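Trainee: predicted model, plus sequence, below.
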Number of protein chains: 2
Amino acid sequence: MTETLAGYTYDDPDLAPSPVTPEELAQLQQSVLWSDADRAALRRAGEILVPQTEAILDVWYGFVGSHPHLVEPFAGADGQPDTRYLEAVRGRFGRWIADLCNREHDGTWLAYQDEIGRRHHTTAKNRTDHVDSPSTHVPLGHLIALIVPITVTIRDFLAKGESDPAQVDAMYHAWFKAVTLSVALWARPYSPDTW
Amino acid sequence: MTETLAGYTYDDPDLAPSPVTPEELAQLQQSVLWSDADRAALRRAGEILVPQTEAILDVWYGFVGSHPHLVEPFAGADGQPDTRYLEAVRGRFGRWIADLCNREHDGTWLAYQDEIGRRHHTTAKNRTDHVDSPSTHVPLGHLIALIVPITVTIRDFLAKGESDPAQVDAMYHAWFKAVTLSVALWARPYSPDTW
């Protein structure tokens, strides 16, 4: 994709490097049982999922939209859901699906994961989209809890592009590991001294 | 079980109530897609898993033991793994399997989840087992990352007691949701103001 995506700074050379070292990343990968087979399975998952990005986002946004406590972080200055904010995040959330499946776990990836973490935390929430929101952060408990819906909803989309249940399962678990690894990294700004 | 388990204070009336309200718990349950069907499936999982507790702990401790960064929190005063500490935690970890499957999500459960969180955090790590450890906390990133191995390793144990793949899958996902909900609660002491 070549179009500009507002607030998307993945390859921005000005992005601050992550304080997470390659050794710390390797340990986290070990903790989530990450393997070369997962990397390959996630690449295949990307081929199936990326063309379905809008349908996946429809499911996720439907889920968020049906729970007031999940919509709350998208409140604008008037306390009501800010459509522009929701749409801006949606665009980057869609790109995140492709990045999760296809990007290398290198320093650029780490830097952007830390930026995503800051954008959920008081450090930088609302800044990217210039929102005057009463919501100062996405609560850490829900950031962790959302590992479940972001994982389990993906299996049906994988099954649409792969008929072998064993292959679906391999892609599904690679996705689960990658999502959990991402959330572990995103949690760093919430507790830098005990992360 | 009626034997005394050192440091196990689940039903201790002196345990501090959790600051998490029933409403906040209900929201977290929504975020992990928790349902009555999951509750029932997790009860059935408990019937299969509890008799296999020692075999499950062997797998988990084998995994921890093979990764220096996961053993490190169990270091004693001399920096080496403290066998007594490892064994004391193992006993409670085993009881946790039964509690995860069988306990109601009530105030007593919430209070003990917060206590488990404190015991991983600088607030109270090493206190329960009177260990003079150089490890002051379990890193938050790994606390989150370990959702994966604690989840994926359980499927084979479920399959040993249930031949219907759909039933195994239901129990497996109920377990996944309950583990993630637990870790979300355990994370609270790491970032109380943005949890």
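Mentor: Ah, there it is.

Trainee: chain B contacts on chain A?
Mentor: A:24, A:27-28, A:30-33, A:67, A:69-70, A:121-122, A:136-137, A:139-142, A:144-149, A:151-152, A:173, A:176-177, A:180-181, A:183-185, A:187-188, A:190-191, A:194-195 (CB under 8 Å from any CB of the partner chain). (Glycine included, C-beta is placed from N, CA and C.)

Trainee: how does it look with 6 Å?
Mentor: A:27-28, A:30-33, A:67, A:69, A:137, A:139-142, A:144-149, A:177, A:180, A:183-184, A:187, A:190-191, A:194-195 (CB under 6 Å from any CB of the partner chain).

Trainee: mind checking which of the residues you listed are in helices?
Mentor: In this view, the residues of chain A next to chain B that belong to helices under DSSP state H are A:27-28, A:30-31, A:69, A:140-142, A:144-145, A:147-149, A:177, A:180, A:183-184.

Trainee: okay, the spatially most central residue of chain A: pLDDT?
Mentor: Chain A has residue A:96 as the residue nearest its centroid, 5.7 Å off, counting by CA atoms, centre = their mean. Listed pLDDT for residue A:96 reads 98.

Trainee: any idea how far the closest residue to it other than its chain neighbours lies from residue A:99?
Mentor: Counting by CB to CB, 6 or more residues apart in numbering or on different chains, residue A:96 lies nearest to residue A:116, which is 7.9 Å off, once chain neighbours are set aside. Noted for residue A:116: a distance of 10 Å to residue A:99, by CB to CB, to the nearest Å.

Trainee: one more: residue A:140?
Mentor: 22 Å.

Trainee: the two - which one has more neighbours?
Mentor: residue A:140 (27 against 18; other CB atoms under 10 Å in any protein chain shown).

Trainee: returning to that earlier point: so how many other residues sit close to the residue nearest to residue A:96?
Mentor: As a burial measure, residue A:116 scores 20 neighbours (other CB under 10 Å).

Trainee: quick revisit: which of the residues of chain A next to chain B count as buried?
Mentor: For those, a burial check counting by 16 or more other CB atoms under 10 Å in any protein chain shown picks out A:27-28, A:30-33, A:69, A:137, A:139-142, A:144-149, A:177, A:180, A:183-184, A:187, A:190-191, A:194-195.

Trainee: strands along chain A, start to end?
Mentor: Under the criterion DSSP state E, strands are not mapped anywhere in chain A.

Trainee: the residue nearest to residue A:96 is in contact with residue A:186, isn't it?
Mentor: Yes. With contacts counted by CB atoms under 6 Å, residue A:116 reaches residue A:186, the gap being 5.5 Å.

Trainee: show the contacting residues for residue A:149.
Mentor: Residues in contact with residue A:149 (CB atoms under 6 Å, 6 or more residues apart in numbering or on different chains) are A:63, B:33.

Trainee: gap between it and residue A:73?
Mentor: 15 Å.

Trainee: again, but for residue A:51
Mentor: Distance of residue A:51 to residue A:73, given as CB to CB: 28 Å.

Trainee: check residue A:60 too.
Mentor: From residue A:60 to residue A:73 the distance is 14 Å (CB to CB).

Trainee: who are the contact partners of the nearest residue to residue A:183 once chain neighbours are set aside?
Mentor: Once flanking residues are discounted, residue A:183 sits nearest to residue A:147: 5.5 Å by CB to CB, 6+ apart. Going by CB under 6 Å, 6+ apart, residue A:147 touches A:179-180, A:183, B:180.

Trainee: now do 8 Å
Mentor: With contact set as CB atoms under 8 Å, 6 or more residues apart in numbering or on different chains, residue A:147 has these partners: A:176, A:179-180, A:183, B:147, B:180.

Trainee: number of residues surrounding the closest residue to residue A:93 other than its chain neighbours?
Mentor: Residue nearest to residue A:93 in three dimensions, not counting chain neighbours: residue A:57, with 6.2 Å by CB to CB, 6+ apart. By other CB under 10 Å, the residues close to residue A:57 number 15.
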